[in-house]
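*Asks:* Model the following, please.
(one chain, ligands or ions: 1)
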Amino acid sequence: MDQIPALPVFFAIIFGFLISACTPQPQVTERNVSRIIETLSSDQMKGRHAFGNGIEKAADFISTEYQDIGLSTLPGNNNFRQEFSIYSLKPSQASVSINNRELGDQHYFGLTNAETVNWTADNSTIHYISAKDDYRDKFSEYSSDDESSVIIVDEEHEKLFHKYRTYFSRSNRTFELGSKPNDIFVFFDGRVNNYDITLQNTVKSQQLANVIGKIEGKRKNEIVLFSAHYDHIGVVSPVDEDSIANGANDNASGVSAVIELARYFQKMPTPERTLYFVAFTGEEVGGYGSKYFSRQMNPDEIVAMFNIEMIGKPDVDGANSAWITGFEKSTFGEILQNSVSDSNFVFYPDPYPNQNLFYRSDNATLARLGVPAHTISTTPIDVDQDYHRVSDEFSTLDIPHVTNTIRAIAKAARVIISAEKTPTRISNGDENLTSND
Ligand SMILES: [Zn+2]
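*Replies:* Numbers count the residues shown, from 1 in each chain. Sure, this is the predicted structure:
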C-alpha cells in the first residue's frame, strides 16, 4: 500500500481525538435559565392561571422551546400539546319535595357530576343519618358507595350539615359528565314517605393542555419523567397597584429546569430509557394536568418522576443543596444523593414534613399509582415572603442557584436514564395515598 494516503488517515485520527477531547459536555447555561423564567413570569403571561388568558402564551413558548431543542411529540400528536377538556358544574336550579312538602335551598346539597339529576324511588335508595350516628362516618360511607341515594340527615347534625352544604354547594370540576353515582343530603326531621327531587347544574366546558416533549430511548417501555407545572394563580387582589401574581419561583423556575434538562439530554447520545419532559397545567386549581396525564399512561412503564417545584431560591442550609419530598418512600432520593456524592451538591430529605408537600404537588397522582414520583425543591417555604403573592417576581430569584440545581439534577439523573439504577416502587399501602378523585 502506498505511503501517501496514510497521512490523511493519521491526521483524521489525531484530529478526531482532539475533537473528542475538546468537545464539552452539554452545558446548562444561566443565560437560557434566566431567559425562560423571565419570559414565563412576565406580565404578558398574566400569572398563567389555568383558565386565564395568559396560559396559552406560556404553552406556545414552551412548545417553541421543545421545537428548537428537537424533542419528539407523543405518538399520534403533531404538536407538543396534550389537550383535554374539563367541565365546571355549578348548582343552578333545584326542586326538592319530601312528603309533598317543598324544601328551601338551605335544606339540601347534592353530590353529582351530571347536568340534571332526578331522584325517584325507582332509581335511588334512601338512607338516614340519625341523631346518634357519627355524621362524618356516615357521610363518607354513603357518598363513596356505588349507589345513588337520598340521605336524610337528622336535625341534631345541624352545624355539620350546614358546613358541608356550604362546601359542596360551590362549583366543582370533572373530566366526565355523569360518571358518578348521585347523592343528595337532605336536612329533614322524621320519616320519609315519598320524595321528588330534581337538581340542575350549569355546565361549562374548558380546554386545558399539558405540554409534552419526548426523547426516545433504546427502551421504549421504560420512561423517566421530568415535570413541572407551568400554570400559576393568575390575577389577584392588587398590592401597590400590582395584581399579577407572576409565579417566577412557583413555578417558572421548575419549567426552566424541565426545558434545560431536555436541551441537555438531547445533546447526549441516545439514552437507554425514554425521557418525557412534561409541563403540567392546572396544578394550582386541583392538579388536573397531572391527573389527566396519569390516565393516559401505563404507570408500570414509568421508572421515575422528577417533579421540580420552586428552585428559585436556595434553602436556609445554603446553596448547593435541594430537598426531595417523600424521601423515605422509595430509593429515588438515595440514588440521587449517591450520584452527586463526588461533587459539593447534596440532595436531602424534605425539611418540612408537617407541610405535607409530598401530597401537595403533581407527583402525588403518579405516586398513588406506585411510581417513584418525588418533588425536588429548594425554597424555604416557611419563611418565603413571596409564595403565592404578586411579589413572586423574576428579580427575587437567584439564577446561578437555579442553574446549579438543574446541573445537579442532570448529573444525578444519569444513572437512572442509563438504567444502571432503578428506584424502588412506592407501596400503595400508604394510607394518605389511597384516596384519589
Ligand atoms: Zn407550585
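*Asks:* Return the distance of Gln151 relative to the ion.
*Replies:* No, residue 151 isn't Gln; it's Ile. Distance of Ile151 to the ion, computed by C-beta to the ion, to the nearest Å: 37 Å. The way it works is simple: take the backbone N, C-alpha and C, and place the C-beta from them, glycine included.
*Asks:* Contacts only, for that residue.
*Replies:* 126-129, 138-139, 142, 183-186 (C-beta atoms under 8 Å, 6 or more residues apart in numbering).
*Asks:* Let me see the backbone angles for it.
*Replies:* Dihedral pair for Ile151: phi -110, psi 120, per degrees, to the nearest 10.
*Asks:* Is Ser97 in contact with Thr198, as I believe?
*Replies:* No: counting by C-beta atoms under 8 Å, Ser97 does not reach Thr198; the two are 9.4 Å apart.
*Asks:* Give me the buried entries from the contacts of Ile151.
*Replies:* 127, 129, 138-139, 142, 183-186 (16 or more other C-beta atoms under 10 Å).
*Asks:* Quick one: mark the members of those that sit in helices.
*Replies:* 138-139, 142 (DSSP state H).
*Asks:* from these, which single one is nearest the ion?
*Replies:* Phe139 (30.6 Å; C-beta to the ion).
*Asks:* nearest spatial neighbour of that closest one, skipping sequence neighbours?
*Replies:* Tyr164 (6.9 Å; C-beta to C-beta, 6 or more residues apart in numbering).
*Asks:* which residues does the one you found contact?
*Replies:* Contacts of Tyr164 by C-beta under 8 Å, 6+ apart are 109, 139, 185.
*Asks:* cool, and Tyr108?
*Replies:* Counting by C-beta under 8 Å, 6+ apart, Tyr108 has contacts 94, 96, 165, 184-187, 197.
*Asks:* what do you get if the cut-off is 10 Å, keeping everything else the same?
*Replies:* 91, 94, 96, 98, 150-151, 153, 161, 165, 169, 184-188, 197, 199 (C-beta atoms under 10 Å, 6 or more residues apart in numbering).
*Asks:* Need the contacts of Tyr164 in a markdown table (columns: distance to Val224).
*Replies:* Below are the contacts of Tyr164 laid out as a markdown table (distance: C-beta to C-beta, whole Å):
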| residue | distance to Val224 |
| --- | --- |
| Phe109 | 44 |
| Phe139 | 41 |
| Phe185 | 45 |
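*Asks:* could those residues go into JSON lines alongside pLDDT?
*Replies:* Output for those, formatted as JSON lines (pLDDT from 0 to 100):
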{"residue": "Phe109", "pLDDT": "92"}
{"residue": "Phe139", "pLDDT": "94"}
{"residue": "Phe185", "pLDDT": "94"}
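*Asks:* so which of those comes closest to Tyr348?
*Replies:* Phe139 (40.2 Å; C-beta to C-beta).
*Asks:* Surely that closest one touches Tyr167?
*Replies:* No: with contact defined as C-beta atoms under 10 Å, Phe139 does not reach Tyr167; the gap is 11.2 Å.
*Asks:* What helix or strand is the residue of the stretch 51-200 of the chain found nearest the ion located in?
*Replies:* Among all residues of the stretch 51-200 of the chain, Ala58 sits closest to the ion, at 13.9 Å; criterion: C-beta to the ion. Assigned by DSSP states H and E, Ala58 falls within helix 55-69.
*Asks:* What parts of the stretch 1-150 of the chain come near the ion?
*Replies:* By C-beta under 5 Å from the ion, no residue of the stretch 1-150 of the chain approaches the ion.
*Asks:* who's in contact with whatever residue of the stretch 1-150 of the chain ends up closest to the ion?
*Replies:* Proximity of the stretch 1-150 of the chain to the ion (C-beta to the ion) peaks at Arg48, 11.0 Å away. Contact analysis of Arg48 by C-beta under 10 Å, 6+ apart lists 40-41, 54-59, 229-234, 244-247, 251-252, 255, 281, 284.
*Asks:* any idea what sits nearest it, other than its immediate chain neighbours?
*Replies:* His232 (4.4 Å).
*Asks:* Compute the distance between the one you found and Phe358, please.
*Replies:* Distance, His232 to Phe358, by C-beta to C-beta, to the nearest Å: 21 Å.
*Asks:* ok, these two, which is more surrounded?
*Replies:* His232 (30 against 23; other C-beta atoms under 10 Å).
*Asks:* Who does the more buried one form a beta bridge with?
*Replies:* His49 (DSSP bridges).
*Asks:* Just to check, it is in contact with Phe280?
*Replies:* No: His232 lies out of contact with Phe280 (C-beta under 10 Å); the separation is 11.8 Å.
*Asks:* tell me, what's touching these two both at once?
*Replies:* By C-beta under 10 Å, 6+ apart, the residues touching both His232 and Phe280 are 50, 251.
*Asks:* Quick check: next helix or strand after the longest strand seen in the chain?
*Replies:* Scanning the chain for the longest strand, with DSSP state E as the assignment, gives strand 195-215. Counting by DSSP H and E, the element after strand 195-215 in chain order, helix or strand, is strand 219-229.
*Asks:* Enumerate the residues of the stretch 301-437 of the chain near the ion.
*Replies:* Counting by C-beta under 5 Å from the ion, the stretch 301-437 of the chain sits next to the ion at Glu309.
*Asks:* where does the stretch 301-437 of the chain dip in pLDDT?
*Replies:* For the stretch 301-437 of the chain, residues meeting the criterion pLDDT under 70 lie at 428-437.
*Asks:* Quick check, the residue in it closest to the ion?
*Replies:* For the stretch 301-437 of the chain, C-beta to the ion, closest residue to the ion: Glu309, 4.9 Å.
*Asks:* Backbone dihedrals for that residue, both of them.
*Replies:* Residue torsions, per degrees, to the nearest 10, at Glu309 are phi -140, psi 130.
*Asks:* same thing with Thr403?
*Replies:* Dihedral angles (degrees, to the nearest 10) for Thr403: phi -60, psi -50.
*Asks:* Contact partners for it?
*Replies:* Contacts of Thr403 (C-beta under 10 Å, 6+ apart): 27-34, 256-257, 260, 311.
*Asks:* cutoff 8 Å now
*Replies:* Thr403 neighbours (C-beta under 8 Å, 6+ apart): 28-30, 33.
*Asks:* picking up where we left off before, Val211: which of the buried ones among the contacts of Ile151 is nearest?
*Replies:* Asp183 (36.8 Å).
*Asks:* So the closest one sits against Ile152, correct?
*Replies:* No: checked against C-beta under 8 Å, the pair Asp183 and Ile152 is beyond contact range at 11.7 Å.
*Asks:* all helices for the stretch 1-150 of the chain, in order.
*Replies:* 6-22, 30-40, 55-69, 135-144 (DSSP state H, counting those that start in this stretch).
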